[in-house]
Structure formats: structure tokens, C-alpha cells
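# coords below, sequence missing:
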């Protein structure tokens, strides 16, 4: 987990992959079956009253097989919210937030010249 954001009603755990190549299905399967499960357990004990949200961000995108699994997971899960963002969505999110500091971090550590 790279980012943990806590709001009044929600706790969001974000996994960030600053790769210049797509994340493959093997990584996504492990992330969903092991990492999300472990983090959910910890969040449930620590923040039982808050809705949970998981996101995985990849500057290099995802392979076709990984996207299929991510889409399926997003449409099926009900116990928590789930989303995945590739480079385009990451940049769109940064622009919507209108935070210079957030854009600076993305540029310096993940997107370099792209933001």
C-alpha cells in the first residue's frame, strides 16, 4: 500500500506502480487475492465504521488480461469499492483535484515529463 487516505466516511488504500510497462495479470491476481485481503482485515479492525476503497494506479497501464480481471472485480465486489487507473486516468484525476503539490509529486516520481 503506497497511499492511505482517510476521510470522514471512507478509507482508501492506493497501490501505485510507476512502471513504463503494463502491469500483468499475475501481479493483479496476487494483489487482489493477498494484498487486498490483508489490508481489508487491518482496515476493518482499525476503521470498522468506514467504507473501504481500493485503487491500483499504473503509469504503464495494464495488460489486456489484467484489465479483464480488473473490470470483472470492479463490477462484482460489494463489500468495498474498487477502481484502477492507467496513465490517462491518473492525469485526469490530478487535473480534477487541481492540486499543484499532487501534480508535482506525480511528475517527479511517476510521470516525469507527462503531467
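Perfect, I can see it now. Quantities reported herein were computed from a predicted structural model and do not represent experimental measurements.

# shaky segments in the chain?
For the chain, residues meeting the criterion pLDDT under 70 lie at 109-115.

# If you count residues, where's the longest helix of it?
Secondary structure assigned by DSSP state H gives helix 64-76 as the longest helix of the chain.

# any idea whether residue 11 is helix, strand or coil?
strand (DSSP: H, G, I helix; E, B strand; the rest coil).

# ok, it - how many residues close by?
20 (other Cβ atoms under 10 Å). Where you see a C-beta, it was placed from the backbone N, CA and C, and this is true even at glycine.

# Contact partners for it?
Residue 11 makes contacts with 4-5, 43, 47, 50-53, as judged by Cβ atoms under 8 Å, 6 or more residues apart in numbering.

# Pull the most distant pair out of the residues you listed.
Greatest spatial distance among the contacts of residue 11 (Cβ to Cβ): 4 and 51, at 14.1 Å.

# follow-up on the earlier one: taking the contacts of residue 11, please make a ChimeraX selection of just the buried ones.
Those of those that count as buried under 16 or more other Cβ atoms under 10 Å are selected in ChimeraX with:
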select :43,50,52,53
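
# Just the ones in helices from the contacts of residue 11, please.
Cross-referencing these against helices under DSSP H gives residue 43.

# Would you map the strands across this protein?
With DSSP state E, the ranges of strands along the chain come out as 3-6, 10-17, 51-58, 81-86.

# In the second one, which residues are buried?
To tie it back to what came earlier, the one meant is strand 10-17. By 16+ other Cβ under 10 Å, the buried positions in strand 10-17 come out as 11-17.
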